[in-house]
Structure formats: C-alpha cells, structure tokens
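In: Requesting a structural model of the entry that follows:
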Amino acid sequence: MKIEVISYQSEWPRFFEELRRAAVEALAGIDVAVEHVGSTSVPGLAAKPVIDIDIILPQWERFGEVVRRLGTLGFAHRGDLGIPGREAFTRSPRFAFAHNLYVCRPGTPALENHLKLRNYLRSRPDEAARYAALKFKLAERFPDDIDAYCRGKTDLIGEFLLAAGIDSDSVAKIRADNLRDE
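Out: Next up is the predicted model:
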C-alpha cells in the first residue's frame, strides 16, 4: 500500500468527533476519556489521512466489557501488538474514513507518547512544520515501505518527546516500541 501524506484537512476534527460520539454512546456508563491523537489531531499538520483515537480506560477490569461494546460498532480486538497498555482494534466498516482505534491504560508510555507529542506539536507550529517536511520527504523516498517511513521519523519524534518533558529512558522505550509497532 502506497504511503500517502497530505496537507491538513479541515474535516479531520469532524471525523474524530464522529468516532468519539459513537464510542462514548457505546461505552455509556463506563468511565472513559476519548482523545484525538496522531498527526490528524494537530491543526495545520500534514498527515497520512488516518484518524487516530485513544480511549483511556481507568477501570481496566472493565476491558472485556469495552471489547464487547466496541464490537457492536464493528471494531474487533487485535491485541496489544507488542505495545503494553495499548490495545489495538480493527477498523470498523461503519465509518467511511480511515481510522485507528486503541484502548489505553492511563499513564502508560504509549499513551503518554501520543498525548505529549500531540500537545507539543500543537504548541509549536514551527516544529510541526519541520515534522511535516520530514514526513513528505520520507513518503516520497519510501512510498511502499511503511517500516522505513516510520524508522525515518523515529529520531525526530524522540527529539520532540524529550522537549515535551518525557525522560530519556522512556523515550528510548517508546522509540523501540514504535519501531516494532510498524
């Protein structure tokens, strides 16, 4: 599959809101927070056109119930894919746009990575522009190699996470997880 990085699209927040609303309704009565993460969550940032959503579940003992309820929306649990505390789900055919849905334990490195990177890039348009330029370059250089594309982003993401206040040991772990994840 060809790697496509495109300029920021104004409909991305609306797509997230559609996912968020459906998840909140399906999970009514369960304490969750729903976050738009990834590059599509940063206004003005170029991205692969895939909406990333993290559902934060403080009551992890209810995870089985969350899996069942998300199943009613067409999501199927895929496991943690080697990233502890971050459970991945298949894309739901109910939504016409590309998306990735994760259920995360609060405080895990994977969740902190998503939130801190998003918040840092939202607060630093200059760094978001730098990141976008790299993503365009990598997509052009490695149009059919998602692993090489992700490896090419890893050092800059690590730099951003350090600047966002994540300690170097955690950044090293996140780097290793990101390389394994893709």
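In: Residue 72 contacts residue 25, correct?
Out: No. With contact defined as C-beta atoms under 8 Å, residue 72 does not reach residue 25; the gap is 9.9 Å. From N, CA and C alone the C-beta is placed, and that goes for glycine too.
In: ok now stretch 47-58, how far from the chain's centre?
Out: Centroid separation for stretch 47-58 versus its chain: 4 Å, with C-alpha atoms, centre = their mean, to the nearest Å.
In: in that stretch, what counts as buried?
Out: Of the residues in stretch 47-58, 47, 48, 49, 50, 51, 52, 53, 54, 55, 56, 57 count as buried by neighbour count, 16 or more other C-beta atoms under 10 Å.
In: Equivalent analysis for stretch 149-166, please.
Out: For stretch 149-166, the neighbour count (16+ other C-beta under 10 Å) marks 149, 150, 151, 152, 153, 157, 158, 160, 161, 164, 166 as buried.
In: Run through who's touching it.
Out: 3, 112-113, 116-117, 119-121, 127, 130-131, 134-135, 138-139, 141-142, 168, 170-172, 174-175, 178-179, 181-182 (C-beta atoms under 8 Å, 6 or more residues apart in numbering).
In: re the thing from before, reformat the buried residues of stretch 149-166 as a markdown table; add distance to residue 34 and secondary structure.
Out: Shown next, in a markdown table, are those (distance: C-beta to C-beta, whole Å; DSSP: H, G, I helix; E, B strand; the rest coil):
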| residue | distance to residue 34 | secondary structure |
| --- | --- | --- |
| 149 | 27 | helix |
| 150 | 25 | helix |
| 151 | 30 | helix |
| 152 | 30 | helix |
| 153 | 25 | helix |
| 157 | 23 | helix |
| 158 | 27 | helix |
| 160 | 23 | helix |
| 161 | 22 | helix |
| 164 | 21 | coil |
| 166 | 22 | coil |
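In: Compute the first-to-last residue distance for stretch 27-37.
Out: This stretch, stretch 27-37, spans 19 Å end to end (C-alpha to C-alpha, to the nearest Å).
In: same deal with stretch 57-76?
Out: 17 Å.
In: Give me the average confidence score over that stretch.
Out: Mean pLDDT, computed over stretch 57-76, is 98.
In: Perfect, that will be all.
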